[in-house]
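Engineer: Here you go, sequence then predicted model.
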Amino acid sequence: MIDELSAALRRDDDRPAILGTTRRGRTVVRITRGDLAAMADQYAGGLHMRGLGCGDTIGVAVRPGARSLAILLAARRLGLRVAALDPAAGPDVLLARIALADPKLVLADAAAQAAAGWAKPLARKAARIDLPSLDRFGPVATVGGRLPGSAPALRCAGATAPVADYGRSGDAVIVFTSGTTAEPRAVVHTWASLHAGMRAVTDLVRPLPGAPVLGGTMFVLVPALAAGAPVALPARSGQGVARQLRQLHPQATYLTPPALRAALTAGASFTGRVWSGSAPVTAALLTKVKQAGATHAYGVYALTELFPAAVVEAADKAGFDEPGDLIGEPVPGVGVRVDASGQLYLTGPAAFDRYLGEPPRRWVATGDVARLQGSDTGPGQVRVVLAGRSKDMILRAAENIYPGLYEPALHVPGVSLAVLVGGPAADGDERVAAVVELEPGANRDQVRAALLERFDRMGSARPDVLLFAPVPLSGRSRKPDRQAAARLVAAAPAQSVETIGGTTTTARDRRSAS
């Protein structure tokens, strides 16, 4: 798919590639397809002049968009491996990741470098980004415009680069996922697995040439542009996204759940099909997106190790009334199995090759507890239902409680987001706390009454306490931060944490009786 895009950009090169919008209601062309192809050629030439070639690793600390895509295209041409460096990871984790990937050169835009230098206090305060000083990155070159204190620009003028002859089996990208500072976890995808994942997205979304697509990830940019569809990168605010939707009328939109909620709060109206993932997607959220105009709304289950893995439409998710979180049918080509402990495993052409420094793996251990409905002997015959993360399990009264099995039931009308977390109880056991974030304007008493009805049907997982508060989020995908939610409950004033009624006592009595 990367090769297809490189060729496609050179056809009709005056057509728009990246779109923008203005506050006055105008749509503008940020960069054309020909400009994007030329940028990729220049970067390839500049990297070749720096002595980088097939098998070398480059680090990339560049915001998603045209430049980061052009770097990926240049890396493909030269046979380089790209290590994605997330500035929000924290200084210690970021340095550990750089040490593990060992890039010969780090490409960074001026914004990332400013956050590591003169704008460091502002970045800490406004964006909660804390970068180590630039000299600890190793060799750095600037792509795009420079600011005072930026590293020298990547020299591209007049440079040309050969096309590496290495097929699709070589390493393409290193994407860091969970892991401690001492042992960062690095997912390695080959060009073949990237191609398979992007082909799967193309088959799902079926982008049409000419009509805009709203989304910012590589798995949106590459398939859309290869099909001839221009792409608009989502604005940072809900109001900005609402304005983009109003002006562009996109055929397809991909936003994370927090971005969707912010857009809905801002009164967004949707067109075409809407996709959401990278964090838990509730049936209530997808239903609201359809009510706001989308023809279809889908939840996408994916991991860094395999994207995409499973998809569910709003109507199917809303109609599921069993315990757990229905994530839908596996994408064609994705194999699923559940081991004796209930953990979900995935495999398929889009699956990663290995973790950096480890041997190749055929199956991805998701860390999710799941059950399968139906037969896995053919397409469309199996659906996957999640019960939660194995590491998020709460142990109370010698019973295993998987939050994901019950959290979908907490999303009653008026609830924006809800999680179940564990914490120490007075008797040494664990207590279960429900942290519930209300939608703007929701009636708290009505939501509480609806929740109590749901709690009564949760059996041994019935929460001990209820806290109405914004659910903490973390990471670039803004997933619920369960550890932070547990700390929030522990630190909340006693008058704001409501005791639901006797669950811990009942559990203790049950242990004594046994």
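Structural biologist: Everything's here; your move.
Engineer: Buried residues of the helix or strand harbouring Glu4, list them for me.
Structural biologist: Under the criterion DSSP states H and E, the helix or strand holding Glu4 is helix 2-9. Applying a neighbour-count criterion of 16 or more other CB atoms under 10 Å, one finds Ile2, Glu4, Leu5, Ser6, Ala8, Leu9 buried in helix 2-9. For every residue, glycine as well, the C-beta is placed using N, CA and C.
Engineer: So the most centrally placed residue in the chain: helix, strand or coil?
Structural biologist: In the chain, the centroid-proximal residue (CA atoms, centre = their mean) is Ser278; its distance is 3.0 Å. Here Ser278 takes the coil state, with states given by DSSP: H, G, I helix; E, B strand; the rest coil.
Engineer: what's the neighbour count on His249?
Structural biologist: Close neighbours of His249, defined as other CB atoms under 10 Å, add up to 16.
Engineer: what phi and what psi does the backbone show at it?
Structural biologist: With angles defined as degrees, to the nearest 10, His249 sits at phi 50, psi 60.
Engineer: Next, give phi and psi for the residue nearest to the centre of the chain.
Structural biologist: Torsion angles, degrees, to the nearest 10, at Ser278: phi 80, psi -10.
Engineer: Distance check, it against Tyr254.
Structural biologist: 9 Å (CB to CB, to the nearest Å).
Engineer: ok, back up a step: and the helix holding Glu4, what does it pack onto?
Structural biologist: Contacts defined by 3 or more CB pairs under 8 Å, 6 or more residues apart in numbering; DSSP states H and E place helix 2-9 against helix 33-49, helix 66-78, helix 191-205, helix 218-226.
Engineer: Touching the longest one from outside, list them.
Structural biologist: The set of residues external to helix 33-49 that reach it, using CB atoms under 8 Å, 6 or more residues apart in numbering, is 6, 8-18, 31, 58, 66-67, 69-71, 73-75, 77-78, 80, 105, 141, 143, 154-162, 225.
Engineer: now do the shortest one
Structural biologist: Helix 218-226 has contacts (CB under 8 Å, 6+ apart) with 1-2, 4-5, 8-9, 17, 33, 36, 64, 68-69, 72, 197-199, 201-202, 205, 207, 213, 215, 230-231, 252, 254, 307-308.
Engineer: Please identify the next secondary structure element, helix or strand, after that helix.
Structural biologist: Next along from helix 218-226, by DSSP H and E: strand 231-232.
Engineer: who does that next one pair up with?
Structural biologist: Strand pairing for strand 231-232, determined by DSSP bridges: strand 16-21 (parallel), strand 213-214 (parallel).
Engineer: gap between it and the chain center?
Structural biologist: Averaged C-alpha coordinates place strand 231-232 at 18 Å from its chain's average position (CA atoms, centre = their mean, to the nearest Å).
Engineer: Same question for stretch 338-351.
Structural biologist: 19 Å.
Engineer: same thing with stretch 294-307?
Structural biologist: Worked out by CA atoms, centre = their mean, stretch 294-307 lies 10 Å from the chain centre.
Engineer: can you tell me the average pLDDT over that stretch?
Structural biologist: Stretch 294-307 shows a mean pLDDT of 95 in the predicted model.
Engineer: where in the protein is pLDDT low?
Structural biologist: Applying pLDDT under 70 to the chain picks out residues 88-90, 118-120, 122-132, 165-168, 178-184, 375-380, 397-398, 426-429, 475-477, 501-514.
Engineer: Give me the phi and psi angles of the closest residue to Leu306 other than its chain neighbours.
Structural biologist: The shortest distance from Leu306 to any non-neighbouring residue, by CB to CB, 6 or more residues apart in numbering, is to Ala351 (4.6 Å). Backbone torsions of Ala351, given as degrees, to the nearest 10, read phi -70, psi 150.
Engineer: re the thing from before, redo the helices and strands packed on helix 2-9 as TSV? Include mean neighbour count and distance to Ala315.
Structural biologist: Converted to TSV, those look like this (neighbours: other CB atoms under 10 Å; distance: least, CB to CB, whole Å):
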stretch	mean neighbour count	distance to Ala315
helix 33-49	22	36
helix 66-78	23	34
helix 191-205	21	17
helix 218-226	25	24
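Engineer: Turn the ones you listed into CSV, columns for distance to Ala434.
Structural biologist: CSV is the format used below for the helices and strands packed on helix 2-9 (distance: least, CB to CB, whole Å):
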stretch, distance to Ala434
helix 33-49, 47
helix 66-78, 39
helix 191-205, 34
helix 218-226, 33
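Engineer: any chance you could map the helices in the stretch 51-200 of the chain?
Structural biologist: Here the stretch 51-200 of the chain has its helices, by DSSP state H, counting those that start in this stretch, at 66-78, 91-101, 110-115, 120-126, 191-205.
Engineer: can those go into CSV with extra columns for distance to Gly388?
Structural biologist: Below are the helices of the stretch 51-200 of the chain laid out as CSV (distance: least, CB to CB, whole Å):
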stretch, distance to Gly388
helix 66-78, 33
helix 91-101, 25
helix 110-115, 35
helix 120-126, 33
helix 191-205, 25
